[in-house]
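[1] Got a predicted model here, sequence first, then my questions.
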Amino acid sequence: MSRSGIARLLKREGMSRLADVIPKAEGETITPKKTFKDYEPGFIHIDIKYLPQMPDETSRRYLFVAIDRATRWVFMHIYADMTEKSSVDFLRRLKLASPIKISKILTDNGSQFTDRFSTKDKKPSGKHAFDIACADLPAEHRLAPPRHP
């Protein structure tokens, strides 16, 4: 095994620094560092992926995907467009298919999910069709920061 391979292994196991491995006081145990916050099931990420246009198709299609942050449960559906009507229909189908209660929904700032960038003060009005559908669940609709995945 190479030196860099051993370094990667130690880093993956949380032992890349000697101070992380040696207890500071007698009887003290080392707790592994957490990388992500733990979440309750029901925090759903929704995104849209472009599907390639196949030779026998006349137009492009769009894959709406929902992933639960805690359990990694996935739901998806293909649409011919990515309008707010499609996003509301996807949310309706997601609610029917979900084995868990949806409490929070995280989306990007696309026009199918929010009217954030169509207002003067760059704040969502809450009157967008997707916001209303989230309120009917009831689920909190959160937006990702602009230009961040």
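    Alright, I've got the coordinates.
[2] which residues does the residue most central in space within the chain contact?
    By C-alpha atoms, centre = their mean, the chain has its centre lying nearest to His45, at 3.1 Å. Shown in contact with His45 (C-beta atoms under 8 Å, 6 or more residues apart in numbering): Ala66, Ile67, Arg69, Leu106, Thr107. For the C-beta atoms, the positions are set from N, CA and C on the backbone; glycine is no exception.
[3] helix, strand or coil for it?
    The three-state assignment at His45 reads strand, by DSSP: H, G, I helix; E, B strand; the rest coil.
[4] Please report how far it lies from Arg60.
    23 Å (C-beta to C-beta, to the nearest Å).
[5] which helix of the protein spans the most residues?
    helix 84-97 (DSSP state H).
[6] Convert it to CSV, retaining C-alpha atoms only.
    The C-alpha trace of helix 84-97 is given here as CSV (Å, rounded to 0.1, in the frame of the first residue of the first chain):
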residue,chain,number,x,y,z
GLU,A,84,-45.5,25.3,-12.1
LYS,A,85,-48.5,23.1,-13.1
SER,A,86,-46.0,20.2,-13.4
SER,A,87,-44.4,21.0,-10.1
VAL,A,88,-47.8,21.1,-8.3
ASP,A,89,-48.8,17.8,-9.9
PHE,A,90,-45.5,16.3,-8.9
LEU,A,91,-46.1,17.5,-5.3
ARG,A,92,-49.6,15.9,-5.3
ARG,A,93,-48.2,12.6,-6.6
LEU,A,94,-45.3,12.8,-4.0
LYS,A,95,-47.8,13.2,-1.2
LEU,A,96,-49.8,10.2,-2.3
ALA,A,97,-46.7,8.0,-2.7
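[7] which helices and strands sit right next to it?
    strand 43-51, strand 61-68, strand 74-79, helix 129-136 (3 or more C-beta pairs under 8 Å, 6 or more residues apart in numbering; DSSP states H and E).
[8] what is the mean pLDDT for stretch 90-110?
    Mean per-residue pLDDT for stretch 90-110: 94.
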